[in-house]
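Colleague: Need coordinates for the below:
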Amino acid sequence: MLLCAVLGRLTVRSWVSLPLLFLGSVTGVAALIEMVLRPELVMRSELSLSAPLLFGFAAGLAVFSASHVRWSFRWQRLSLRVAYPLVMIGCAIALDVFTVPLGAALIVGPIAALLLAATLMRTRQARDEADCLTP
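Modeller: Numbering: from 1, shown residues only. Okay, the predicted model is just below:
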């Protein structure tokens, strides 16, 4: 039996897009929940989300998935690996509420969720045997 990492090797582009796709898909799920809980909503209404919670989780995702990235250049590994999560933490601290139009969240959410699933499946298929351990 092989014990493999959940993620395979990520490209820099997929690593950068992973937290953004997470934010988009969570926004879509929140919009769906909002529509189920309040069916009298109009598509022009606004969806308010907790920015510290969303951007905090996105920053954590960026930090914990950075070890799976195939860095092309040394400067990327040294600066981008630290700066990108720090920008998200800065957004989490600076913003209190993240407001999105409900219609936009319902459009962007499913697309982001599909792209996130495709990215995760592609990285899972691109795993090396070095990523797997035998117990």
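Colleague: ok, residue 72 - contacts?
Modeller: residue 12 (C-beta atoms under 8 Å, 6 or more residues apart in numbering). In short, each C-beta sits where N, CA and C put it, glycine included.
Colleague: ugh, wrong one, residue 21
Modeller: By C-beta under 8 Å, 6+ apart, the residues touching residue 21 are 112, 113, 115, 116, 119.
Colleague: now swap in residue 42 and tell me
Modeller: Applying C-beta under 8 Å, 6+ apart, the residues near residue 42 are residue 102.
Colleague: helix, strand or coil for it?
Modeller: coil (DSSP: H, G, I helix; E, B strand; the rest coil).
Colleague: Same check on residue 13?
Modeller: helix.
Colleague: can you pull the buried residues of the helix or strand harbouring residue 103?
Modeller: Using DSSP states H and E, the element containing residue 103 is helix 102-125. By neighbour count on 16 or more other C-beta atoms under 10 Å, the buried set for helix 102-125 is 102, 105-106, 108-110, 112-113, 115-116, 119-120, 123.
Colleague: Who are the packing partners of it?
Modeller: Secondary-structure packing of helix 102-125 (3 or more C-beta pairs under 8 Å, 6 or more residues apart in numbering; DSSP states H and E): helix 12-37, strand 46-50.
Colleague: Quick one: work out the angle between that helix and helix 12-37.
Modeller: Calculated by axes from the mean of the first three to the mean of the last three C-alpha atoms, to 10 degrees, helix 102-125 forms an angle of 140 degrees with helix 12-37.
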